[in-house]
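> task: produce atomic coordinates for the following.
(chains A and B)
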There are 2 protein chains.
Amino acid sequence: MSLFVRDARVVPGDGTAVLPRASLRIAGDRIAALGVDVAPAPGDTIVDARGRVVLPGFVDAHTHALWAGDRIDEWQRRLRGESYLQILAAGGGILATVRAVRAASEDQLADGLLRRLGHMLREGTTTVEVKSGYGLSTEHELKMLRAIRAAARAFPGTVVPTALLGHAVDRETGRDERHFVDTVVAETLPAVHAEFPGIAVDAYCEDRAWSLADCRRLLEAARALGHPVRLHADQFHRLGGVDLAIALGARSVDHLEASTAEDLARLAAAGIPGVVMPVAGFHTDGRYADARALIDAGGQVVLASNCNPGSSPTSSMPFVVALARRQLRLTTDEAIDAVTTNPAALLGLEDRGRVAAGLRADLVMLRHHDERQLGYELGGNPVDLTIAGGSIVERGSIG
Amino acid sequence: MSLFVRDARVVPGDGTAVLPRASLRIAGDRIAALGVDVAPAPGDTIVDARGRVVLPGFVDAHTHALWAGDRIDEWQRRLRGESYLQILAAGGGILATVRAVRAASEDQLADGLLRRLGHMLREGTTTVEVKSGYGLSTEHELKMLRAIRAAARAFPGTVVPTALLGHAVDRETGRDERHFVDTVVAETLPAVHAEFPGIAVDAYCEDRAWSLADCRRLLEAARALGHPVRLHADQFHRLGGVDLAIALGARSVDHLEASTAEDLARLAAAGIPGVVMPVAGFHTDGRYADARALIDAGGQVVLASNCNPGSSPTSSMPFVVALARRQLRLTTDEAIDAVTTNPAALLGLEDRGRVAAGLRADLVMLRHHDERQLGYELGGNPVDLTIAGGSIVERGSIG
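Below you'll find the model as predicted:
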């Protein structure tokens, strides 16, 4: 299988200059050549971009795309004025999804995830991180991770699983919170370690979720077993998660809506990327992380969909970019790097996130001839073509 | 050509109860039968909805989808703090598009429109109103209307043209504003009347656009020639357009961001629909028409994309609905009627805007099984299938 994409406006990402009229040869799953004087080889399938923009495939580094049930009734309550944390306190929110996930089989979960991954692929996302975290028990967390693994095998793009072992506390077991956390650390974590060695371990440091001390305990134990760690911090309350993540050498700190400029400066100085998810702010309460300040302090921003049934009902990276241009005041180049190069690096995938010879051929062709249209246009799907691992996997409006 | 759609969740619109498991027969361009016990006929193409939502095709009753050039540079200026009216005063905004439209041929304009109509169709819009208004001379307004007519003939859906003769004032002619308006009324309007009898005539009542008195003069002359009239009013400034539209018996008043509750109550009492376009507020200044108050006063709301290169860069009715649920506080049922039944009535198209036997088979099948997901989900394209005039014209993710 080989492809030749002619007459593309290639935006390579990572600060590399745009090639206004370039061609690409793709052989197997790799970009074999890129430039203005690249020629097709016999047998190449030809794609005529006719000046349209070609970008690296989007890398969505923070999703909760594996779930069961829906949270539409909860949204009606929020439209009537109840807050996310009020609903969580009343047993709704994440806990409603936990009940639905526990009731679903591994196959049902994998099927639902694969359907959502298909939507993402059509919208240009070729690499997707997917978290567990709606199981809240060893059995159901393992079921989620196995479902992610099963969906990954059937998906033409790439799925990176994360074990979100500290997502919420199950208060319905009749035991106390300390017992719950003890079980996660002493039983669930070792079981995940045995079956998914090297998987990243994640926690949600927030009121009514996991306390700072419990996050520290879980993530230190995970690190001792050789797992990279990530942390959801400062979404609603600033509980010290940024400094914990710095102390632990976390792969990322995710959310940051309640972080101060000083927090973001320390994060930048530590070289840890901040994962910013503006759809959650748009959908819930209009609060956004100060991604501009993080970049201005020399830090690295990753933009992610946060795709989940409650606080971020989207699978569209183009919509994330549209919000980032407006609400977060990122430039087009910053926003493109934040959905390609930066998240690929965060996930440890050095073979993608840019358009360059030798890298994996994960590519998006927009319907636009100017990459600034990506963040300008609102709603809809601007992707004409997605290439994952060298194969055309989704065809939009060629013509 | 005949189609049979089985096992659909049909949302007929216009207050008619949802049919959770119904089938539809489509013969020619009409819905032949709808119900739980409808059977396919020999030779029908079968579409298995498997419980997915089927709605009337979206009717977008206010667009400026015919243009040339782009306004991306202007957007960069607005992101740096310049206002829409400041840019207009400096010769940008609409006037930049006017220059590009004048430089384009009728064929180029028609090709660009047809491409955009294709995007809309993929997003479920089967009927599109398209305005002239970037010509600002008899020659170029006629060129625009002819381009709309040419694109309409090639489009599988329906295009309704509107002559937006009072959109802006050309201050570059070296003559004064009075002379410009005189020419529109004495020359352009009669020329449009001769070639497009019965077309709706529209004006933009706003500071630095058309004054209330000039709008009155144009629309009275249009009405005297037998044209229905519409009016853009109260987008930024409340200049009295609502009462002018009521006095003229206008088909609609469009924008209404600056209208008072009393204005909206008078509009409701007059039985004139208000066309509300929340993407413009989202994209420019965060101001929205109080659609909730208009409905609560007994008025009728039409939601439209306002698709144009400057103030509303979208062709997505699902995104319009997502904003209407949040920013305008419309219910799901209200929002669905406002993108189907109500705009069809506004455009005088009594054969569509609902799902019922005998009506035109313009239909949308979502990927969702619950119509509330339409406004819940953000970004992307939730449309699996569009049927226009009885034919499957766009196929998304069937499966």
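> contacts, neighbours, all on C-alpha from now
Fine.
> strands of the stretch 151-300 of chain A, start to end?
For the stretch 151-300 of chain A, the strands defined by DSSP state E, counting those that start in this stretch occupy A:158-166, A:200-205, A:229-233, A:252-255, A:274-276.
> could you save those as a markdown table and add columns showing distance to chain B?
Formatted as a markdown table, the strands of the stretch 151-300 of chain A follow (distance: least, Cα to the nearest Cα, whole Å):
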| stretch | distance to chain B |
| --- | --- |
| strand A:158-166 | 20 |
| strand A:200-205 | 24 |
| strand A:229-233 | 22 |
| strand A:252-255 | 19 |
| strand A:274-276 | 17 |
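> and A:Thr63, that's in a strand?
No: assigned with DSSP: H, G, I helix; E, B strand; the rest coil, A:Thr63 falls outside any strand and is coil.
> could you dump the strands of the stretch 151-300 of chain A into JSON lines with mean neighbour count and mean pLDDT added?
JSON lines is the format used below for those (neighbours: other Cα atoms under 10 Å in any protein chain shown; pLDDT from 0 to 100):
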{"stretch": "strand A:158-166", "mean neighbour count": "24", "mean pLDDT": "98"}
{"stretch": "strand A:200-205", "mean neighbour count": "27", "mean pLDDT": "98"}
{"stretch": "strand A:229-233", "mean neighbour count": "26", "mean pLDDT": "98"}
{"stretch": "strand A:252-255", "mean neighbour count": "28", "mean pLDDT": "98"}
{"stretch": "strand A:274-276", "mean neighbour count": "28", "mean pLDDT": "98"}
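> now tabulate these in CSV and tack on distance to B:Arg80.
Formatted as CSV, those follow (distance: least, Cα to Cα, whole Å):
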stretch, distance to B:Arg80
strand A:158-166, 38
strand A:200-205, 35
strand A:229-233, 30
strand A:252-255, 26
strand A:274-276, 22
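> out of those, which is closest to B:Leu366?
When the strands of the stretch 151-300 of chain A are ranked by distance to B:Leu366, counting by Cα to Cα, first place goes to strand A:158-166 at 25.9 Å.
> spell out which residues of the stretch 51-200 of chain A are next to chain B.
Proximity of the stretch 51-200 of chain A to chain B, by Cα under 8 Å from any Cα of the partner chain, involves residues A:72, A:79, A:123.
> PyMOL command to pick out the buried ones of those residues?
Burial among those is assessed by 16 or more other Cα atoms under 10 Å in any protein chain shown; the matching PyMOL selection reads:
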select buried, chain A and resi 123
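> need the nearest residue in space to A:Gln203, chain neighbours excluded.
You called it Gln, but residue A:203 is Ala. Among residues not flanking A:Ala203 along the chain, A:Gly166 sits closest, at 4.1 Å (Cα to Cα, 6 or more residues apart in numbering or on different chains).
> whoops, I mixed them up, A:Ala222
Counting by Cα to Cα, 6+ apart, the residue nearest A:Ala222 is A:Val201, at 6.6 Å.
> lowest-confidence one in the residues of the stretch 51-200 of chain A next to chain B?
Lowest pLDDT among those: A:Leu79, with 87.
> hang on, it packs against B:Ala324?
No: shown here, A:Leu79 and B:Ala324 do not form a contact pair, counting by Cα atoms under 8 Å, at 11.9 Å.
> list residues touching both of these two?
Common neighbours of A:Leu79 and B:Ala324 (criterion: Cα atoms under 8 Å, 6 or more residues apart in numbering or on different chains): none identified.
> do a quick rundown of the helices in the stretch 201-350 of chain A.
Along the stretch 201-350 of chain A, counting by DSSP state H, counting those that start in this stretch, helices occupy A:212-224, A:241-248, A:261-270, A:278-283, A:291-296, A:317-326, A:332-338, A:341-346.
> near A:Ser391, how many other residues are there?
21 (other Cα atoms under 10 Å in any protein chain shown).
> surely it and A:Arg30 touch.
No: A:Ser391 lies out of contact with A:Arg30 (Cα under 8 Å); the separation is 9.9 Å.
> what kind of secondary structure is the spatially closest residue to A:Asp170 that is not a sequence neighbour in?
Nearest residue to A:Asp170 in three dimensions, chain neighbours excluded: A:Leu136, at 6.5 Å (Cα to Cα, 6+ apart). Using three-state DSSP, the structure places A:Leu136 in coil.
> per-residue pLDDT, A:Leu136?
As predicted, A:Leu136 sits at a pLDDT of 94.
> do the same with A:Ile398
37.
> which non-adjacent residue is nearest A:Ser211?
Per Cα to Cα, 6+ apart, closest to A:Ser211 is A:Cys205, 5.6 Å.
> now do the helix or strand bottoming out on mean pLDDT in chain A: everything it contacts.
Lowest by mean pLDDT, DSSP states H and E among the helices and strands of chain A is helix A:84-89, with a mean of 78. For helix A:84-89, the external contacting residues (Cα under 8 Å, 6+ apart) are A:74, A:78, A:93-95, A:208, A:284.
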